[in-house]
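In: Build the 3D model from these lines:
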Amino acid sequence: MIRVENLRCGYPGHDVLQGISFRVGRGEFIGVLGPNGAGKTTLLLALTGILPVPEGTVEIDGMPLDEMKTRDLALRVAAVSQDAEVRLPFACEEIVRMGRYPHQKRWQMDSAEDREAVEKAMRATDSLVLAGRPVTGISGGERQRVFMARALAQEASVLLLDEATSAMDIHRKMQAFRVLDRLNREEGLTVLAVMHDVNLAALFCRRMIFLKEGRVEADGPTVAVLAPEVLEAVYQTRVLVQEVADTGKRQVVFLP
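Out: Okay, the predicted model is just below:
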């Protein structure tokens, strides 16, 4: 679904990503992790075409990103950022309906399919109760649920998340990732999630990519790369990695 080769990009006078390469296969669920300034958000901005790519290659579904029309990209890739903001008091349901724009012709009214997709996405994210409320009058966690619903209503085959549950409480985070896990396993949704929470990533991501100083420090199955030597090299902190019997997953304790 995604091919990145020798990607080098950043901001005027400062390259953040230092020539990274990786591929994302259809139906993968990948966590992108690393310390602040490692290049995680920069990577997602490059994958969505917001940030220019002066050097290297990015392909989505076999097509060079810089040759894709905005509509074609939106039909393939949906994204949720951690700080999505709307200054106008649109109703939350209107925000979610915006996810249907790539599927509509100009001036087209919502179809039955559009309405079904919007309701399905809001039900999945438990945001139907927010439908009529202005997006400017809800909490940060509730707003993230609404923007997650908008991305799901888009019905793209790839979902890019940039700390998209950072403002949610623990219950809502687990709920959101259970939904993503179900869509990934049952409908083949490809998920690439930038995260800081190593333990949440360990519960749901089957592959992890660790970035450090703009380079790929480790990339592989979660069971292989979630190891003390990798984590200590990435975070410069002593760690204890434990197997949790009830989940069959590894969890991490960072040591003082």
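In: Could you use CA atoms for every contact and neighbour count after this?
Out: Will do.
In: Check this structure and tell me which residue is nearest its centre.
Out: By Cα atoms, centre = their mean, the mean C-alpha position of the chain lies nearest to Leu161, the distance being 1.5 Å.
In: Go through this protein and flag its longest helix.
Out: Ranked by residue count under DSSP state H, the longest helix found in the chain is helix 170-187.
In: now what about it, what contacts it?
Out: Residues outside helix 170-187 that contact it (Cα atoms under 8 Å, 6 or more residues apart in numbering): 27-29, 124-125, 165, 189-191, 204.
In: Can you tell me the number of residues neighbouring Arg23?
Out: Using other Cα atoms under 10 Å, Arg23 has 12 other residues around it.
In: can you give me the helices in the stretch 51-200 of the chain?
Out: In the stretch 51-200 of the chain, the segments counted as helices under DSSP state H, counting those that start in this stretch are 70-76, 92-97, 112-124, 140-153, 170-187, 198-204.
In: close enough to count as contact, Gly37 and Arg215?
Out: No - between Gly37 and Arg215 there is no contact under Cα atoms under 8 Å: 11.0 Å.
In: higher neighbour count, the two?
Out: Higher neighbour count among Gly37 and Arg215: Arg215, with 18 against 14, using other Cα under 10 Å.
In: gap between the two ends of stretch 211-224?
Out: This stretch, stretch 211-224, spans 16 Å end to end (Cα to Cα, to the nearest Å).
In: List the buried residues in it.
Out: Residues of stretch 211-224 classed as buried: 211-219, 222 (neighbour count, 16 or more other Cα atoms under 10 Å).
In: Check stretch 232-247 too.
Out: For stretch 232-247, the buried set under the neighbour-count rule, 16+ other Cα under 10 Å, comprises 234, 239.
In: just the CA coordinates of it, formatted as CSV?
Out: What follows is stretch 232-247, C-alpha atoms only, in CSV (Å, rounded to 0.1, in the frame of the first residue of the first chain):
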residue,chain,number,x,y,z
GLU,A,232,16.9,1.6,25.7
ALA,A,233,18.7,2.7,22.5
VAL,A,234,15.6,4.6,21.4
TYR,A,235,14.6,6.3,24.6
GLN,A,236,17.9,6.4,26.5
THR,A,237,16.1,5.0,29.6
ARG,A,238,16.3,1.7,31.4
VAL,A,239,13.3,-0.5,30.8
LEU,A,240,11.8,-3.8,32.0
VAL,A,241,9.8,-5.8,29.4
GLN,A,242,7.3,-8.3,30.7
GLU,A,243,5.0,-10.9,29.2
VAL,A,244,1.5,-10.3,30.5
ALA,A,245,-0.2,-13.7,30.8
ASP,A,246,-3.8,-12.5,30.5
THR,A,247,-3.2,-10.7,27.2
